[in-house]
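# can't give you the sequence, but here's the structure:
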Ligand SMILES: Nc1ncnc2c1ncn2[C@@H]1O[C@H](COP(=O)(O)OP(=O)(O)OP(=O)(O)O)[C@@H](O)[C@H]1O
Ligand SMILES: Nc1ncnc2c1ncn2[C@@H]1O[C@H](COP(=O)(O)OP(=O)(O)OP(=O)(O)O)[C@@H](O)[C@H]1O
Ligand SMILES: [Mg+2]
Ligand SMILES: [Mg+2]
C-alpha cells in the first residue's frame, strides 16, 4: 500500500498537444485526441523495449501466433476504473470499430472473435503473416485498450464518421494506471486508478498534465522545477548543460529524423545521378553537429533502415552499401555524377544543357527550429558545392501541402516514419517508397527499377514495392532478412528519399523528489518512461 | 442631411460587413486549404490515403469545395444569425471558443492599455511640470530606451526571470490549475496572478511613447493663458495640475486610447504565444497553423468588431467629453 | 496749462502721488539674466481710485508692466525692484517680498488682472460658473454669497447671469467672454484691476461698450484701474491719467487732457498724429517713420532718438530723465518745449462742436 | 465713382457693366445638428441676405459693421471665393459661378476672373506660408500670370515691387521667411502678392486691424498709393469707422454699413459720417474713439442692447429694432428697404421717409 | 493697361537691386536650403545627432555587406559557440551551427534597412496622399477616402500581415516591408487629414486659391511642407513598426524566410536555449542589440527631426537671422535628456 505520507504528492507532467479543454479522450477520433493523457488512462497491449529490443506485455497476459490466427489473452486483473473487468467483448468492440476506420491492424486481419474465455480474443488473419509485423502493430504505443462497451457499443452500427467525430469528454472510463478527474484550459488532472492491477505500486494520488505551447516553456519548466516529467521533448545541448543534475535525460531512438525529399517527377531531381550527387555533397555529420550534436546521429548508410539497426539487419552486406561520405563533402564523386548526367559547372554553379541552374526553392517547415538549422546547413553545403538553392520556409500545413500536392522539387522531410515499428525495416522501407504521410507526393512510381548489383556484377532489376510487401506474409526470418537487404540496397542506390540524420528522442525524469528507476534499468527503454515507469512502481515520490 | 448619429451607426455595420467580406476573401486566398495539415496528420497516423479523404469529408461542416460565392453566402447568412460555424481543427463551435478566449484577451489588453495611459500620462505630466529638470531628462531617456525594446523581448525576459528563475509568478495560462472556473475570489486572484506578466510586458514598452506624447501635450497646455490666469486666481497647484493641465492635455489622447486598444488587440498574437495565454491571439495562431478558416474568421471578426466599436464609441463620446468638439467634428479628432 | 512753467529736472516724477495705492519702483524685467531688459527701470505710482491708461506700441513692454504689478511675469523672466501696495488700513507691503502663499492670497483679493485675449483665459473644458466657484473656494470665500455677487456683476455687465454661468467659454461670443472675464476678476472685490488690452480682439462697438461698463463699475465699486492698450484714443475715454511707454520704459505721464492736448514728448505727439480719427483733416494723419527697437538693440541715450525729428547729439548720448512739463505732467525728453512748438497736433483737441444731438453725453 | 474711363477689356461682354456686380446675393450657412434635433429644420445662418451692390473700376467700397455681421462673407462672395446660395455675382457682366461651372455662354474664362479678384487677409501671420521665403511667396503670382517669365526677371519684378512697398533694400527682405518680418512688413508682402496678380479688385479683409494703431495710416496710405499706380478697386473691410472713413475718403469711394447680413446704409464717406441716415451708423460713430476732449469719456451708447442678436434667428422686421433707440412698433413688423439709385447715399430706415406709418406707431421699450 | 504691360505704370524702372542669379549660385542656394541647413539643424540637437550617427553606423554596416567586405554567413564556417571576442576573427562569436554572428548581423542589415524603408515609405506616402487629398478636397472625396481608411483601420493589423505573408509568401524585403505596413497608413492618413483641415483654413491657402493656383500645387507647396514635421516623425515610427513587427513574426515563426536575418537569428537563439546559458547568450544578444540599436537610432532621430522643418529654427541655425521682429521661440520642441 502507498505510504500515507506521500500519497498526496502530485506528479506533474506536460503536454503540448493543445489546450486540454479543447481535447478529448476518444483515441479513434480524427482530431484532438490527447494521446499524452490517453496513454495514462488506457493500458496498452504490449510495448517494445528499445534497451532489450524485445516486446514486453502490458495489458496482455499472453499473445500467441499461429499461421493464420493470433490469440490475445488479457490480464485477468485488468479492470476498468469502475471495477468491472476488461473483457474480450470490449476489445472486440474496439477492433470492430477499428475496422470501420481502416486501422493498420485490419491490413492483415480478417475477423476477430471471442476466444475460449471472456479474456481471450482471437484474430483471424487474412493470410499468413509475419508475427513481427503483428507484434509491432499491437505494441504500437498509440494503440490502447479503450473499447469501453457502454460507450462504444452504440457506434458499432453507425458510420465511421460517427466514431471519428465522437469527442469523449464525459463519463470517461479507462483501465490504465490513472483515471480522468478533470480538465480545463490549463491542465489535465488525473488520479490514481484504484482498480488498476498494479495500483499498489503507485505511491501518489494525482498526475497533473500541464498544457504548454512552446518547447521553451517545457524546457524552462524542467529547469525551474515546475515539471517532474516530460515524456518527449527536444532540448538543445546548451540547455541540457544548464539543467540541474536531478533532471535526468533518457534518450531513446526516435527512428525518425531529418532527410531530403525529392520530387521524382522533377526534371533534375528525378534523375538518380543528381540525387546521388546531393547525397555525396551533404556532410551528414556536420548537419548533426549543427542541429543537435547530442541527439542527432548521422545515418551511417543512406537507406530505409534506422541507423541503430543497420548493422544488425544488413550483416555482411553492410560494408557494400554506399555511405555517400557521412562526414565529408565528396565533391569529386558528386561532380562526376553530375557531369555524367549532362550538367556542367560554370561560375561556380551547376547548370543543365539549357543553362538553367541546378536548384530552386528548398522547402522547409517554419517553426521547427532544429530543422531550420539542419536546412541552413544542408543548403549551405549544397550551394557552396554549386547548387543554387533558396530556402522556402512554410507553415506546417503548407509544408505538408506542398509535398502532398507534389508542389516542390526538393525539401526537408523525415526519412523514417518513427516509432517502435520503425525498428522493423519492413515499415520504414515500405514507407520510403510510398511516403503515406504525404500521400506519395514525391511521385516515386511503383514499378521495376534497375540498380547496380550488390556484388558489383552488373545490374539488378527489382520491384521494391512488391518485394517489401511480400515481407508481410513471410514467416521465414532468413527470407525476410534477404528481402529487406535487397530493398534496402535499392533504396541506398536509388534514393527515393535521402536520410541525413536520425534523432534520439529525449524523455525527461527528475530525481530530486522522485524515486526513479536507475539509469541502467532497462525499463527506461520503453516509450515513454514517464508513462511506463509509474505503473511499474518505478517512479514514486521519495519518502522523507 | 441625415443625422450624424444615424449615419455613424450605419457605418459601424457597414464597416464590419466590409471587413468580414474582405477577410473572408483573404482567408480563402491562403494556399493549401483548410485540411492540409489534418490530412498530413492522419496520413502520419498511418491512415490510408483513401480513408483520409473519407474522414475529412466526414468532418466537413463548411463546404470548402463549394464555389467561393456560395461559401461566402453561407458564411454571411450564418453570421447574420450569430453563427460563426464550427472550428475545423478543434471541432467546436467557433462562438464557444471565442466566448472562452476573448474575455482573457480583452482583459489583458484593456488593463495594460489603461495602465499604459495612466502611467504614461502621469509620468508625462510630471516631466512636463518639471520640464528640463533632472527628473525630466532621466525619464525622457528611460522613455526612449523603453520604446526601443520590443515587447516580446520584455516578455521573454520577464517570463524567464520572474516566473522560471524566481518563481514569483506562474509561467503560463490564464488561471491556476486547481481553481474552479467560476467567479470567486480564488479565481479572480489566480486570474490576476496569471495576467501580471503578460500585462507587465505588454505595458512596459508602450509607456514611453505615451509619456512623451503626454509630456508634449502638457507643455503645450502649460503655455496657455488660462493656466497662468488660474495661478493668478490663486488656485492650488493640485487643482491646476488636474483640472487644467491634465484634463486639457489628456482629452486629445482620448480617441488615441480607443484606437490603440484595438490596435493592441492584434499584437496579442505574439504575446499570448509566449505566455501560453489562451486568448484570441493564441487561437488565431492555432487557426492559422491549421488553416482553420472558421476559427480564423471568428478571431478576426472579434478583433474587428472591438476595433470598430472602439472608434465608434470614441466618435460618439468625444463630443461629450470634450465640450469644444461638437458631434460630427469628432471623427476628425484622430 | 501754461507752457512756460520752468522746467525742473526732477527725477522720478511719475512717482509723485498724494494717496498712492500701488507704487512701482525701479521695476526691471529680464529674460536673460540682466543682459537685456524688457521692462527697464520703470517707476510709477498709482493713486487710489484713479484710472490710469498706459499706451504704447506692440512689444514696448506694456504686458510686462501689467504683470509686474502682480509679480506675475511669465517664466523664466525675472522681476526686480519694488512693488509697494498700500492697503486700505494704511499698511504697506512689498509684493515682491511676499511668500508663495501670501502672494496667492493677495492676488485677486487685492489686485486682479484681465488678460489680453479672453478666449484663452478660460479653461476650455470648464463651464464659466466653475471658474467663479473655484476662485471663491481657493480664497476661502463664501461660495453662495460669492456667486450671488457674481450674478450681480454679470448683470451689471449686461449679461444673462444664468446663461453665462452655465455655458462653456466657447459657447459665448468674444464680447461676452471678455465681460465674463471682467466679472471673474472682480468676484473677490479687489481694489485694483489691471487690464492688459482687454478689448484688443473685439470690434470697436464692443470695445466701447465694455469701456462704458468699466466706467460704471469703477464708480460703483471704487476701483483703481490700470488699463493697458495700444489704442490711445480708446483709453482716453476712460482714463484720468495716462502714461506712454516706448521701448520698455515710460516716456510721458500726465493727466489725460494734458497728454492729449499738450503732450511734451515727440513720440506721444507723433502717436497722436498717426491715429486715425473721425475729425482730423485726412491729409494730416501721418505715420511714424521707422520701427521701435527690440530689447537687444535699444539705443543708448534716448531710445526714441533714431526716429525723432528733434534728436540731437545730447539725445543720443544722454538718456533723458523726467522733466516736469506741467501740473503732474512728466516728460522724458530733452526737447519737450521744442516738441510742443514744432510738432503740430493735427486734430483740434479743445474746440470742437459737440457731436450729434441725439448722443447723450451725460457721463 | 469718379473715374469711369474703364479699361476696355478685349473680351468683355459688356463694356459698361460694372467691374463686379452683386444682385440680390444670399449666403446661407447650415449648422450641424446634435443628437436630438434630427427631425428639426437645420439651423441656418444668413450671413449675407439679399445684398445688391456694384463695384466699378478704380472704386473703393469700405464695409463696416460689427463682428459676425457678414462683412467677410460678403467680401469673399464679391471676389468669387464664396459661392452664394442665392443671387448672382457678375464680373464685367459675366456670371462668375457660371464661368466656374462652365454653364451657359462664357465670355470671360474663370481663370481670368480668378486672377482679377484678389484678397489681403487680416492676420498677416497666417496669410503667408511660413515655409516659404518671401521671394518664393511672391514668385507664385508671377508664375501664375506670366508662366513664361524667366527666373531673373521674376526676381527683378519682385525686388522692384518690394522696394515700391517700402521694403528697402529688397534683397535683404526677399530671402527671409515670413516670421522674420514684422507684422507691418508681412502685410506689405501680402499686398504685394495680391498686386502681382495684376488684379482689378482687391478685398482687404480687416487688412489693418491687426496692426498697431500707429501703423495703420501708413498701410492705408500705401494701399491707396498703389491703387493709383495699379488701377485697382478695393473692398475694404473694417470695424473701425475712422479707418473706413480715411480709406474711403482718400480713395474717393463709399462706405457700406452692414448689420446682420444686410447693408443698412451706403454712401460717400464724408456724407455718411456727417449725416448718418441709419441709427446703426450713429452707433458706429459713437463707438469710434475720438481725441476731441469733450467727446472723450465713456458715454451711454445710442442703443438699447449691447449684444448683437443671434444670426440664426434674426429679429423680424427691421433687424436692428431690438437695439435701436428709435425703434417703434412698425419696425418690428415690416422691414425697411433701401431706396434710391445705386451709387447714391441710401439708407434702409423708415425714418428717412417722412410720411411712413412709423411715425405713428408706438415706441418700443424693453 | 495693366501695370506690367507697356503703357501701365512701369514700376519696374525703380528696380535697383535685383541681382542676376547664375545657375551655380542657384544650385548652391538649393544645396544650402535643402541639405546643408537641415543637416545643420538636425546636427545641433544631440538626439538627432546621435540618431544620425547610429543610423549612419547601420548604413555603413549595410555597405560592408553590399561590398562584400565581410564574409557571408554560412553554417559550419567557424567553431561552434565561440563567445564574444573569444576569437577576433569572429568578434561577435558564433552560433550553435558555427555561423559567424557578425556575418549574420552584417549581411541581414541591407535587407532589414530596405524592408523598413520600403514599409515606411509606403505607409507615409499613402497616408500623405490620402490624408491631404481627403482633407483638402473635402466633400465626397473626403468621405469616400475616409470610409476606406476606416475600413482598413478596422482590419486587425498584425493578423492581417500574417495572412498576407502566408498568402503572398514575400521573399523580397521591399515587398515584405510593404506587406507589414499594408494597413499602417490608415491611422496616419486620418490624422494627417485632420491636420490638413486646420492647415487649409490658413489664409495663405486661401490666398493661393485666390491666385488660381491649382490643387496639386497647393497641396505640394502650402499643405505638405507644413505636415513634414509630423510626417517625418511618423515615417520613423512606421519604420520602427516594420522592424518590430517583422522580428516578432519571424520570432513567432509565421513569416516565411529565405535567408537569415535578425528575427530568425533571435528565434533560433531563443529556441536554442541561448537565454539560459552564458555560453550562448551572445547569440541572443547580438540580434537583440542590433534591433534595439536601430530602433533607438530611429527614435532619437524622430525626437529632433521636427525641428528640421521649422523655418524658425532653420533660419537661426543657418545664421541668416537678421530678424527685426518677433522671433520669440515657438520652437519649443520637446527637449529630451
Ligand atoms: N518669454 C519671453 N522671453 C523673452 N522675451 C520676452 C518674453 N516675453 C516677452 N518678451 C519680450 O518682452 C518685450 C515686451 O513684451 P510685452 O509682452 O510686454 O509687449 P507688449 O507691449 O505687451 O506688446 P503687445 O502689444 O504685442 O502685447 C517684447 O520685446 C517681447 O519680445
Ligand atoms: N463657413 C461658415 N460656415 C458656417 N457659418 C459661417 C461660415 N462663415 C461664416 N459663418 C457665419 O456667418 C456669419 C457672418 O460671418 P463673417 O465672417 O462674414 O462675419 P464678419 O462680419 O466678417 O465678422 P468679423 O468681423 O468677426 O470677421 C457669422 O455668424 C459666422 O458665424
Ligand atoms: Mg501685451
Ligand atoms: Mg471677418
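Cool, the structure landed. All values reported here derive from a predicted model rather than from experimental measurement. Residues are numbered from 1 along each chain as shown, chains lettered A, B, ... in the order given. Ligands and ions are numbered 1, 2, ... in the order given.

# Show me where chain D dips below the pLDDT cut-off.
Scanning chain D for pLDDT under 70 picks out the ranges D:1-15, D:31-42, D:292-299, D:340, D:342-343, D:366.

# Helices of that one, start to end?
Assigned by DSSP state H, the helices in chain D fall at D:71-78, D:96-101, D:110-116, D:134-145, D:151-164, D:170-174, D:183-196, D:213-230, D:241-250, D:269-274, D:279-287, D:329-333.

# closest one to chain C among the ones you listed?
Nearest to chain C among the helices of chain D is helix D:213-230 (3.3 Å), distances taken as Cβ to the nearest Cβ. (C-beta placed from N, C-alpha, C; glycine too.)

# what about residue B:195, neighbour count?
Using other Cβ atoms under 10 Å in any protein chain shown as the criterion, residue B:195 is surrounded by 22 other residues.

# could you redo the helices of chain D as JSON lines and give each row distance to chain C and mean neighbour count?
Below are these laid out as JSON lines (distance: least, Cβ to the nearest Cβ, whole Å; neighbours: other Cβ atoms under 10 Å in any protein chain shown):
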{"stretch": "helix D:71-78", "distance to chain C": "10", "mean neighbour count": "25"}
{"stretch": "helix D:96-101", "distance to chain C": "29", "mean neighbour count": "18"}
{"stretch": "helix D:110-116", "distance to chain C": "29", "mean neighbour count": "20"}
{"stretch": "helix D:134-145", "distance to chain C": "17", "mean neighbour count": "21"}
{"stretch": "helix D:151-164", "distance to chain C": "16", "mean neighbour count": "21"}
{"stretch": "helix D:170-174", "distance to chain C": "13", "mean neighbour count": "20"}
{"stretch": "helix D:183-196", "distance to chain C": "7", "mean neighbour count": "25"}
{"stretch": "helix D:213-230", "distance to chain C": "3", "mean neighbour count": "21"}
{"stretch": "helix D:241-250", "distance to chain C": "4", "mean neighbour count": "26"}
{"stretch": "helix D:269-274", "distance to chain C": "6", "mean neighbour count": "18"}
{"stretch": "helix D:279-287", "distance to chain C": "4", "mean neighbour count": "25"}
{"stretch": "helix D:329-333", "distance to chain C": "16", "mean neighbour count": "18"}
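
# hang on, isn't residue E:106 packed against residue E:66?
No - using Cβ atoms under 8 Å, residue E:106 is not in contact with residue E:66; the gap is 9.9 Å.

# what about the residue lying closest to residue A:171 once chain neighbours are set aside, neighbour count?
Nearest residue to residue A:171 in three dimensions, chain neighbours excluded: residue A:151, at 7.0 Å (Cβ to Cβ, 6 or more residues apart in numbering or on different chains). Neighbours of residue A:151 under the rule other Cβ under 10 Å: 17.

# so what's residue A:151 up against?
A:168, A:171, A:173 (Cβ atoms under 8 Å, 6 or more residues apart in numbering or on different chains).

# any idea which of those is the one closest to residue A:317?
residue A:168 (48.4 Å; Cβ to Cβ).

# And the average pLDDT for stretch A:105-122 is what?
The pLDDT scores in stretch A:105-122 average 90.

# where does the stretch 201-334 of chain B have low pLDDT?
Where the stretch 201-334 of chain B drops to pLDDT under 70, the residues are B:324-334.

# Residue E:280 and chain B: what is the separation?
14 Å (Cβ to the nearest Cβ, to the nearest Å).

# And the pLDDT for the residue in the stretch 151-300 of chain C that chain A sits nearest to?
Closest residue of the stretch 151-300 of chain C to chain A, Cβ to the nearest Cβ: residue C:168 (49.9 Å). pLDDT, residue C:168: 88.

# Please apply the same query to the one 3 residues further on.
At residue C:171, the model reports a pLDDT of 85.

# Check residue C:69 too.
89.

# That one: what's it in contact with?
Residue C:69 touches C:22, C:24, C:83, C:95, C:111, C:113, C:192, C:194, C:226, counting by Cβ under 8 Å, 6+ apart.

# Do a quick rundown of the helices in the stretch 101-250 of chain B.
For the stretch 101-250 of chain B, the helices defined by DSSP state H, counting those that start in this stretch occupy B:134-147, B:151-158, B:185-222, B:225-232, B:237-239, B:247-250.

# swap in the stretch 1-150 of chain C?
Using DSSP H, counting those that start in this stretch, the helices of the stretch 1-150 of chain C run over C:62-68, C:100-109, C:128-138, C:143-156.

# Tell me how far whatever residue of the stretch 251-366 of chain D ends up closest to chain A lies from chain C.
Here the residue of the stretch 251-366 of chain D nearest chain A is residue D:312; by Cβ to the nearest Cβ that distance is 60.2 Å. Remark: distance between residue D:312 and chain C (Cβ to the nearest Cβ) = 13 Å.

# If you drop the residues flanking it in sequence, what lies closest to that residue?
residue D:43 (4.8 Å).

# Residue A:399 too?
Nearest one to residue A:399, counting by Cβ to Cβ, 6+ apart, is residue A:365 at 4.3 Å.

# Could you point out which residue ranges in the stretch 1-150 of chain E have low pLDDT?
In the stretch 1-150 of chain E, residues with pLDDT under 70: E:1-22, E:33.

# OK, contacts around residue 23?
Here I'm looking at chain A. A:17, A:32, A:33, A:34, A:37, A:183.

# actually chain D
D:52, D:87, D:88, D:89, D:90.

# Which members of those are classed as buried?
By neighbour count, with 16 or more other Cβ atoms under 10 Å in any protein chain shown, the contacts of residue D:23 hold D:87, D:89, D:90 as buried.

# what ranges of the stretch 1-150 of chain A fall below the confidence cut-off?
Those would be A:1-8, if you go by pLDDT under 70 across the stretch 1-150 of chain A.
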